[in-house]
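A.B. asks: Test case, fold it:
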Amino acid sequence: MKVSNLYHARLLQELLRSEVTIEDLARGYASIDGKRNSFDKGKADHEYEKKMGHYLGYLTEMESIIDNAIGYAFERKGS
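C.D. replies: Prediction:
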């Protein structure tokens, strides 16, 4: 399936317009992975988080994804 650049541009515009946070992105990632409830529980319950690590784990992974994407964008632009 080929996705158009226009679709991606609109998606990025909506992302910015909605003021998405890193935590929102991490929650979405956890949801896709079937761990949304554990993510939310880990945020609220520090003992659960120490045992499971889903909240900070998904946050850290999302930070890495974004950091990598920024680097790839700079590479693509030749900066």
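
A.B. asks: Low-confidence bits of the protein, can you list those?
C.D. replies: Counting by pLDDT under 70, the ranges of the chain that qualify are 1-2, 79.

A.B. asks: how about 80 then?
C.D. replies: 1-3, 79 (pLDDT under 80).

A.B. asks: Tell me which residue is most central in the protein.
C.D. replies: Relative to the mean C-alpha position of the chain, the nearest C-alpha, by CA atoms, centre = their mean, is the one of L25, at 3.1 Å.

A.B. asks: so which helix or strand takes in R27?
C.D. replies: Assessed by DSSP states H and E, R27 sits inside helix 22-32.

A.B. asks: tell me what that helix is packed against?
C.D. replies: In terms of contacts (3 or more CB pairs under 8 Å, 6 or more residues apart in numbering; DSSP states H and E), helix 22-32 is packed against helix 36-44, helix 54-77. C-beta here means a position set from N, CA and C on the backbone, and glycine is covered the same way.

A.B. asks: S18: which of the ones you listed is closest?
C.D. replies: If you check each of the helices and strands packed on helix 22-32 against S18 by CB to CB, helix 54-77 wins as the nearest, at 16.0 Å.

A.B. asks: just the angle between the closest one and helix 22-32, please?
C.D. replies: 110 degrees (axes from the mean of the first three to the mean of the last three CA atoms, to 10 degrees).

A.B. asks: Around E47, how many other residues sit close by?
C.D. replies: Using other CB atoms under 10 Å, E47 is surrounded by 8 other residues.

A.B. asks: what distance separates the helix or strand encompassing it from the centre of its chain?
C.D. replies: Element membership for E47, per DSSP H and E: helix 46-52. Distance of helix 46-52 from the chain centroid (CA atoms, centre = their mean, to the nearest Å) equals 21 Å.
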